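Predicted model, plus sequence, below.
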Amino acid sequence: TVACSAGAYRTTLHPYKLVFQMKTRVELSECPEISRFGLSLSTIAEIRALPAEYDHLVDVVGLLTGVSREREYLRDSRVTKMIVIELTDHTGKCECALFGDYVGQFLEMVGKKTDYMPVVIVQFAKVKLFRDEVSIQNVINTTRLLVDPPIAEAVGFKDRLASHGINAATSIVVLGPRVRPSMEEDFLHSYPIITISGLNSLTSDGVFVVSATIIGVVADEDWWYPACKCHKSVSPDSSAYYCGRCVKHVFQMIPRFRVKLRVTDGGGDGVFVVFDGDMQYLLGDQCATLVARAAVIFTPLDQRAKPVIIDPALYSVNKSDVFWVTERRSVPTAYKLFTGSVWMMLSHQFVEYILWGWDNLPRIVLMYYANFLSSPEGYFHTVICNAEEFRNTTVNHDLHFISWDNPPKQHPHYLTAEHYQSMVESNAPFGRKFGRNEPLLDKIDT
């Protein structure tokens with residue numbers, strides 16, 4: 001299928017792209033007339049003249065004239081490796097930031113080539129702005145790195161170095177630490193500042209900085225949307241979801257933030273729509289996590305039973321969020337659903353029943369709860385309250401002292417010394433939550 005090329009990570013200047021379908025056949029075809037790598041090289045001067053919001057990925061060849069020391073930093077709550085390399089050609093110098101697996105890949109390719117400057121080709125790099133200087137960086141799962149490759153582009157570049165007065169027979173320079181820009185340097189300094197009233201009078205699109213106060217959330221509006229892996233919203237279709245950008249059906253949707261906030265700057269009011277990355281930064285939590293918690297906290301039990309969820313932990317070693325399927329099921333009629341605390345004490349006889357299940361109820365309920373959100377809050381409760389032998393042996397208390405808001409919020413209070421007397425009077429043998437190194441724990445021990 002031929003479609004219009006769009007987006008911020010286009011690999012070619014061509015206005016159209018090919019979209020492979022399920023029935024598309026691809027066959028290997030090699031000949032000297034077909035370029036193996038399909039490079040479209042730009043000089044460093046051409047790259048430095050590009051705008052910061054350039055939508056296309058670039059290819060560049062240069063001499064490796066500098067490498068920073070490997071560093072680590074937190075990105076989306078994960079430790080990510082990073083190095084910065086300096087590339088030089090006859091038109092100038094340019095920095096290239098490498099992240100994640102590209103760091104190890106690059107260092108392995110360079111190896112012990114430190115007594116001379118190797119030729120490096122970076123294909124499909126993203127143009128970025130750093131302190132008013134244009135640089136490039138890798139794009140995860142897209143960028144290709146080549147070091148001293150035996151191809152015409154690299155050999156020709158190396159042959160032309162002497163004519164440009166560039167000496168490659170020197171050691172690679174270790175670059176000093178690249179100070180990460182503050183938010184002011186990276187964003188506020190890069191775009192014009194404007195008021196909300198000024199925004200209302202604009203006649204064209206643009207990127208601006210607005211200083212305002214959040215005064216509320218727009219009521220009765222959805223705060224998240226189901227999305228494909230490409231971040232485009234998807235719509236339910238049969239037993240799957242359809243993504244218009246990928247032009248295909250997908251079977252896993254990812255919840256992403258889309259929150260409408262009411263803001264004011266004193267001279268005007270407005271509604272700003274905050275999307276996934278920025279909202280995750282403000283809240284410190286992923287949208288999928290909050291959606292799952294909201295479903296548990298605010299949804300009645302009979303409604304929580306109808307959606308079907310898939311937990312990748314049942315089949316994958318990599319941790320990831322659960323996802324929903326479009327089909328819904330009815331509430332069970334063969335047994336009644338019950339819910340309660342995740343903390344419980346089970347008798348020896350009941351555990352034997354769970355394991356042996358002479359009437360098969362434990363196994364039937366287990367299969368049902370395999371696709372149930374927060375199943376520890378319902379599995380044991382449902383089995384014991386539906387088993388005639390055990391239904392009258394329950395005590396409706398989890399033996400925990402927990403301090404909640406009224407009405408309860410998502411998380412309870414951290415227990416401190418001010419809760420001590422209430423804890424004693426509750427006669428509960430357990431309690432939560434306690435902060436790390438909380439003095440109350442020492443008082444309990446004494």
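Structure received. Numbers count the residues shown, from 1 in each chain.

Tell me the helix or strand right after the lowest-mean-pLDDT helix or strand in the chain.
None of the helices or strands of the chain scores lower by mean pLDDT, DSSP states H and E than helix 183, at a mean of 50. Once the chain leaves helix 183, the next helix or strand it forms, by DSSP states H and E, is helix 196-200.

Low-confidence ranges, the protein, go.
Confidence mapping of the chain against pLDDT under 70 gives the ranges 73-79, 112-114, 130-132, 171, 173-190, 237-240, 251, 288-304, 406-410.

Can you give me the domain boundaries for it?
What automatic domain parsing lists as the domains of the chain is 2-177, 206-298, 302-386, 400-445.

which helices and strands does the helix or strand hosting V61 pack with?
V61 is located in strand 58-68, with elements delineated by DSSP H and E. On a contact count with 3 or more CB pairs under 8 Å, 6 or more residues apart in numbering; DSSP states H and E, strand 58-68 meets strand 41-42, helix 44-48, strand 78-89, strand 92-99, strand 119-130, helix 152-160, strand 173-175. The C-beta positions use only the backbone N, C-alpha and C, and glycine is treated the same way.

Tell me the strands beside it, with direction?
Partners of strand 58-68 in the sheet, by DSSP bridges, are strand 41-42 (parallel), strand 78-89 (antiparallel), strand 119-130 (antiparallel), strand 173-175 (parallel).

if I pick the residue nearest to N371 when sequence neighbours are not counted, what's in contact with it?
Spatial nearest neighbour of N371, excluding adjacent residues (CB to CB, 6 or more residues apart in numbering): V308 at 4.8 Å. If you count contacts by CB atoms under 8 Å, 6 or more residues apart in numbering, V308 has them with W324, V325, E327, R328, R329, N371.

if we go to 7 Å?
The contact partners of V308, taken as CB atoms under 7 Å, 6 or more residues apart in numbering, are V325, E327, R328, R329, N371.

Skipping its backbone neighbours, what lies nearest the third one in space?
This points to R328. K306 (4.6 Å).

residues in contact with the one you found?
Taking CB under 7 Å, 6+ apart as the criterion, K306 is in contact with R328, R329, V331.

now with 8 Å?
Here K306 is in contact with R328, R329, S330, V331 (criterion: CB under 8 Å, 6+ apart).

And the residues you listed, which of them are buried?
Buried residues within those, counting neighbours by 16 or more other CB atoms under 10 Å: none.

Among these, which one sits closest to P412?
The closest of these to P412 turns out to be V331 (CB to CB; 29.4 Å).

what's stretch 352-368 in contact with?
For stretch 352-368, contacts defined as CB under 8 Å, 6+ apart pick out P332, A334, Y335, L346, Y379, F380, T382, V383, N386, A387, E389, F390.

which of those residues count as buried?
Buried members of the contacts of stretch 352-368, counted by 16+ other CB under 10 Å: Y379, F380, T382, V383, N386, A387, F390.

Adding secondary structure and distance to D276, write those residues out as CSV.
As requested, the buried ones among the contacts of stretch 352-368 are exported to CSV (DSSP: H, G, I helix; E, B strand; the rest coil; distance: CB to CB, whole Å):
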residue, secondary structure, distance to D276
Y379, helix, 32
F380, helix, 36
T382, helix, 35
V383, helix, 39
N386, helix, 41
A387, coil, 44
F390, coil, 46
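
and the two most separated of those residues?
It's Y379 and F390 that sit farthest apart of the buried ones among the contacts of stretch 352-368, by CB to CB, at 13.9 Å.

for N396, what are its contacts?
G340.

how close does it get to H381?
As judged by CB to CB, to the nearest Å, N396 and H381 stand 10 Å apart.

Then S320?
Distance, S320 to H381, by CB to CB: 27 Å.

Which residue of these two possesses the greater neighbour count?
Shown here are S320 and H381; by other CB atoms under 10 Å, H381 has more neighbours (20 against 12).

That one contacts K336, correct?
No. Assessed by CB atoms under 8 Å, H381 is found out of contact with K336, at 10.4 Å.

out of the helices and strands packed on strand 58-68, nearest to A428?
Closest approach to A428 among those is made by strand 78-89 (37.5 Å; CB to CB).

now the closest one: how far from the chain's centre is it?
Mean-position distance between strand 78-89 and its chain equals 21 Å (CA atoms, centre = their mean, to the nearest Å).

same thing with stretch 430-445?
Per CA atoms, centre = their mean, the centroid offset for stretch 430-445 relative to its chain is 34 Å.

Endpoints of that stretch, how far apart?
This stretch, stretch 430-445, spans 13 Å end to end (CA to CA, to the nearest Å).

What residues sit buried inside it?
In stretch 430-445, counting by 16+ other CB under 10 Å, buried: G431, L440.

quick one on the thing from earlier: using a markdown table, lay out the domains of the chain together with distance to I194.
As requested, the domains of the chain are arranged in a markdown table below (distance: least, CB to CB, whole Å):
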| stretch | distance to I194 |
| --- | --- |
| domain 2-177 | 17 |
| domain 206-298 | 4 |
| domain 302-386 | 37 |
| domain 400-445 | 36 |
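
which one of the ones you listed lies closest to T195?
T195 sits nearest to domain 206-298 of all the domains of the chain, at 5.5 Å, using CB to CB.

can you pull the contacts of the closest residue to P15 other than its chain neighbours?
Of all residues not flanking P15 in the chain, S5 sits nearest, at 5.8 Å (CB to CB, 6+ apart). With contacts defined as CB under 8 Å, 6+ apart, S5 is in contact with T12, H14, P15, Y16, K17.

Among those, which one lies nearest to E70?
T12 (32.3 Å).

Return the distance of that closest one relative to V58.
Distance from T12 to V58, by CB to CB: 11 Å.

okay, the two: which has more neighbours?
Taking other CB under 10 Å, T12 and V58 do not tie; V58 has more neighbours (19 against 13).

isn't that one right up against A125?
Yes. Applying CB under 8 Å as the test, V58 and A125 come out as touching, 5.5 Å apart.

which neighbours do the two share?
Joint contacts of V58 and A125 (CB under 8 Å, 6+ apart) are I136.
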